[in-house]
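K.L.:
Can you look at this prediction? I've put the sequence above it.
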Amino acid sequence: MNSVAQATIYPVTCPGCDTITSQRADQILQRPYVNCRRCDTTITLNESQLNRIRRTIADLNECLQRAPVSATRAEEQA
Ligand SMILES: [Zn+2]
């Protein structure tokens, strides 16, 4: 797992009490259960939610990989 997944916090809404509990994306992908911080219900994430997290991480990774290149180009032009 990469550093983007470790730095990404994913909010999960409890179906029982509507409280949002945030958990690190890499932890959710390893074990797709989040315990509600209010009522301690175990929330299981479904496959489409997990795919959304994977896609978000992939997008962030792409942005991070592109960023240093464009910064270098901007310096060259200046
Ligand atoms: Zn709850």
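P.N.:
Noted; the coordinates are in hand.
K.L.:
going forward, measure contacts between C-alpha atoms and count neighbours the same way
P.N.:
Noted.
K.L.:
helices and strands of the protein: which one bottoms out on pLDDT?
P.N.:
Ranked by mean pLDDT, DSSP states H and E, the helix or strand of the chain with the weakest confidence is helix 47-77, at a mean of 81.
K.L.:
Doesn't Ala5 belong to a strand?
P.N.:
No. With DSSP: H, G, I helix; E, B strand; the rest coil as the criterion, Ala5 is assigned helix and is not in a strand.
K.L.:
residues touching it, list them.
P.N.:
By Cα atoms under 8 Å, 6 or more residues apart in numbering, the contact list for Ala5 reads Arg24, Ala25, Asp26, Ile57.
K.L.:
The same query, at a cut-off of 6 Å, please.
P.N.:
Counting by Cα atoms under 6 Å, 6 or more residues apart in numbering, Ala5 touches Ala25, Asp26.
K.L.:
Local confidence estimate at Asn2?
P.N.:
We have a pLDDT of 69 for Asn2.
K.L.:
Look at Ile28 and say how many residues are nearby.
P.N.:
Look at Ile28: counted by other Cα atoms under 10 Å, it has 19 neighbours.
K.L.:
Check Ala25 too.
P.N.:
Ala25 is flanked by 24 other residues according to other Cα under 10 Å.
K.L.:
next one: phi and psi at it?
P.N.:
Dihedral pair for Ala25: phi -60, psi -40, per degrees, to the nearest 10.
K.L.:
Buried residues, stretch 50-57. List them.
P.N.:
Buried residues in stretch 50-57, counted by 16 or more other Cα atoms under 10 Å: Ile53, Arg54, Thr56, Ile57.
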